[in-house]
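mind folding the following:
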Amino acid sequence: MSVLTIDVGTTMIKSVVFDDQGKEIAVSRLATEVLRPQPGWAEQDMDAVWNAVVHTVRGVLSGLADPVWLVSFTAQGDGAWLVDEDGRPTGPAILWSDGRAGDLLSTWQREGVLEAAFRRNGSLTCAGMPNALFSWLAAHDPDRLTRSRTSLTAAGWLFLRLTGVRACDESDASAPFLDHSTGDYDPQILDLFGLSSCHRLLPTVLGESERIAEITGDAAGQLGLPAGLPVVMSPYDIASTARGVGVVNPGQACSILGTTLCTEIVRTDVDTSGEPSGINIAYRGRERVLRAFPTLNGAEVLGWAAQMLGLSGPPELAQLAFESEPGARGLMFLPYLSPAGERAPFLDPRARGSFGGLSLEHSRADMARAVFDGLSLVVRDSLAAARTDVSELRLCGGGANSDAWCALIADATGVPTARSGDTELGAKGAFLTGLVRSGAESSMHTAAAKYVRMQSSWEPDPERAQFYAALYEDFLDRRTIAREAGWRGGAKWRGSHAAASGATPHDDDNNNRTAAGGLHV
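Numbering: from 1, shown residues only. Sure thing, here's the model as predicted:
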């Protein structure tokens, strides 16, 4: 008997079948389009996403010998997937990576609203979260809100199409509105953002044991599955990926080296202290919390660097980079290239990248090495922000295919790193969650111990770890200088550029960008 899993990513939808030993036996993938009708916007056609799911499911089931007894899925988080009374989209989904509400963040940050909300639930708002998008729509497209009955996430949209149930997973509800002590929405957070009237848009939050329902006859017919199969809604993709790599117990940590460099640590409580940073995701009811730092800058930075250096892609960039030495012979890179700035482990919509210390003596290999060093120090930065001791950092995502980068991260963080033997970790997390929710396994701990297999590991070199500890302090100093200088004077350039084009200064902050899928280094 087999388990069918679905992973609805931002740029790729995958259906994966696992056998009863937890091994991938079939995979079907289909790229999806991110629509960018205006600078800084990121949207998707909701029906096109569902059709892609149908395509990949039918593809992965063709020729499958064992029958499927369970469906479990995960999906991208945040955003606003608005539907009407009949469950039909009222427009395209607005994605987590959308930057149209960036000006609101600056206002909320200046007025202390973001910090006040963080002190309540431990999550720092970014432009692609529902509160920012609701506020933007209220000001610029109020009719869309009026026509909408429910704001779902990608997972909520898929659960609706599969089962007819209109609901939300606790992990998706965590940011920005969840009260972690009750598992329901916090009306005071809604009030903080002036969104009390939008409470009607929020779907029912389903607890850990409630996110299972039967597939409808219509959905089963479209997918080629038997009617009545159990369907499990797993936590959203970064949380499911953590489960897929076996990070389920307090103190365990992982980093996703993909479109986002997302570093995550399991805790027993919500951390609302310190500088507001990252998000706290409900991970197992009120018993476990995933402290996560999903950056806006990751694989795309490597793709950009490869293009700038005339290379074929990230694999060739990695080969070139490790011809240089640790520290890139004094060249430092701040990897904040997203037009939307950065959101973790610090929030600044105007953050921009830069090379520091560049001279005629530096080579292309030094520039490539500085890019990998800079991204690795972002992982260290996230671990520092978490303020939680970890003994091992499990790596996944396309970037984890590079042995050299895995070893570099061990040196740069001073923490041993390890890589999973599986490839589709979000789907693997959905597989584990499905087993537990269906009763086939008693707990996530036992399921992970039984089915998660680590393949390789790297210990930090003591001398290089000491070197990178000092380099990290230089990295923070240079970032502070860049921030205080307006990120290389970019604001002045953007203002004049916007005046010439007739746009507002912030409009130009959010240029079109193409989301990267998996990174294979």
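
for the strand or helix carrying Pro176, output the C-alpha coordinates as PDB.
Assigned by DSSP states H and E, Pro176 belongs to helix 170-177. Output of helix 170-177 as PDB, limited to C-alpha atoms (Å, rounded to 0.1, in the frame of the first residue of the first chain):
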ATOM      1  CA  GLU A 170      -2.400  26.000  12.800                       C
ATOM      2  CA  SER A 171       1.000  26.500  11.100                       C
ATOM      3  CA  ASP A 172      -0.500  28.700   8.400                       C
ATOM      4  CA  ALA A 173      -2.600  30.600  11.000                       C
ATOM      5  CA  SER A 174       0.500  31.300  13.200                       C
ATOM      6  CA  ALA A 175       1.600  34.500  11.500                       C
ATOM      7  CA  PRO A 176       0.300  37.000  12.100                       C
ATOM      8  CA  PHE A 177      -3.000  36.400  14.000                       C
END
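
low-confidence ranges in the stretch 51-200 of the chain?
The model of the stretch 51-200 of the chain has no residue with pLDDT under 70.

how about the strands of it, start to end?
68-75, 81-83, 93-94, 150-152, 167-169, 178-179, 184-185 (DSSP state E, counting those that start in this stretch).

identify all contacting residues around the fourth one.
The contact list for strand 150-152, computed with CB atoms under 8 Å, 6 or more residues apart in numbering, reads 80-83, 130, 134, 156, 160, 166, 168, 198, 201-203. (Each C-beta comes from the backbone N, C-alpha and C, glycine too.)

break this protein into its domains for me.
Using automatic domain parsing, the domain parsing of the chain gives 2-245, 246-421+453-521.

please list all residues in contact with the nearest residue to Pro203 once chain neighbours are set aside.
Residue nearest to Pro203 in three dimensions, not counting chain neighbours: Cys168, with 4.3 Å by CB to CB, 6 or more residues apart in numbering. Contacts for Cys168 (CB under 8 Å, 6+ apart) come out as 152-153, 155-156, 202-206.

what about 6 Å?
Shown in contact with Cys168 (CB atoms under 6 Å, 6 or more residues apart in numbering): 156, 203, 205.

quick one on the thing from earlier: in CSV: the strands of the stretch 51-200 of the chain, plus distance to Ile212.
Formatted as CSV, those follow (distance: least, CB to CB, whole Å):
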stretch, distance to Ile212
strand 68-75, 9
strand 81-83, 21
strand 93-94, 24
strand 150-152, 18
strand 167-169, 11
strand 178-179, 20
strand 184-185, 19
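
so how far is stretch 408-428 off the chain centroid?
Relative to the chain's own centre, stretch 408-428 is displaced by 16 Å; criterion: CA atoms, centre = their mean, to the nearest Å.

sorry, wrong one. I was asking about stretch 282-299.
Averaging C-alpha positions (CA atoms, centre = their mean) puts stretch 282-299 9 Å from its chain's average.

ok, now stretch 397-412?
For stretch 397-412, the distance to the chain centre is 19 Å (CA atoms, centre = their mean).

equivalent analysis for stretch 186-193, please.
In terms of CA atoms, centre = their mean, the centre of stretch 186-193 is set 24 Å apart from its chain centre.

show the pLDDT at Gly207.
The per-residue pLDDT reported for Gly207 equals 85.

so what's the residue count around it?
Close neighbours of Gly207, defined as other CB atoms under 10 Å, add up to 13.

repeat for Gly122
Neighbourhood size, Gly122 [other CB under 10 Å]: 25.

ok, now Asp477?
Neighbours around Asp477, by other CB under 10 Å: 11.

returning to that earlier point: the inter-axis angle of the helix holding Pro176 versus strand 68-75?
Put simply, helix 170-177 runs at 20 degrees to strand 68-75, going by axes from the mean of the first three to the mean of the last three CA atoms, to 10 degrees.

for this protein, what helix or strand is lowest in average pLDDT?
Least confident helix or strand, the chain: helix 505-509 with a mean of 35, by mean pLDDT, DSSP states H and E.

just the contacts of strand 150-152 now: which is nearest Asn249?
Nearest to Asn249, judged by CB to CB, of these is Cys168 at 25.5 Å.

returning to that earlier point: look up which residues are beta-bridged to the residue nearest to Pro203.
Under the criterion DSSP bridges, Cys168 forms beta bridges with Val205.

dump the contacts of Cys168 into JSON lines; add distance to Asp477 and neighbour count as well.
Converted to JSON lines, the contacts of Cys168 look like this (distance: CB to CB, whole Å; neighbours: other CB atoms under 10 Å):
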{"residue": "Gly156", "distance to Asp477": "43", "neighbour count": "26"}
{"residue": "Pro203", "distance to Asp477": "45", "neighbour count": "22"}
{"residue": "Val205", "distance to Asp477": "43", "neighbour count": "22"}
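
can you redo these as JSON lines with distance to Ala469?
Listed next are these as JSON lines, based on distance: CB to CB, whole Å:
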{"residue": "Gly156", "distance to Ala469": "43"}
{"residue": "Pro203", "distance to Ala469": "45"}
{"residue": "Val205", "distance to Ala469": "42"}
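
tell me the one of these nearest Ser402?
Out of the contacts of Cys168, the member with the shortest distance to Ser402 (by CB to CB) is Gly156, at 34.7 Å.

hmm, Leu257 is touching Gly399, no?
Yes - contact criterion CB atoms under 6 Å: Leu257 and Gly399 qualify, at 2.9 Å.

show me which of those two is the more surrounded one.
Leu257 (30 against 26).

quick one: that one and Arg380, what's the gap?
Per CB to CB, to the nearest Å, Leu257 is found 14 Å from Arg380.

now Arg110
Counting by CB to CB, the gap from Arg110 to Arg380 is 29 Å.

so for these two, which residue has more residues nearby?
Shown here are Arg110 and Arg380; by other CB under 10 Å, Arg380 has more neighbours (24 against 9).

now do the phi/psi pair for the residue lying closest to the more buried one once chain neighbours are set aside.
Among residues not flanking Arg380 along the chain, Thr413 sits closest, at 4.6 Å (CB to CB, 6+ apart). Here is the backbone geometry of Thr413 (degrees, to the nearest 10): phi -100, psi -20.
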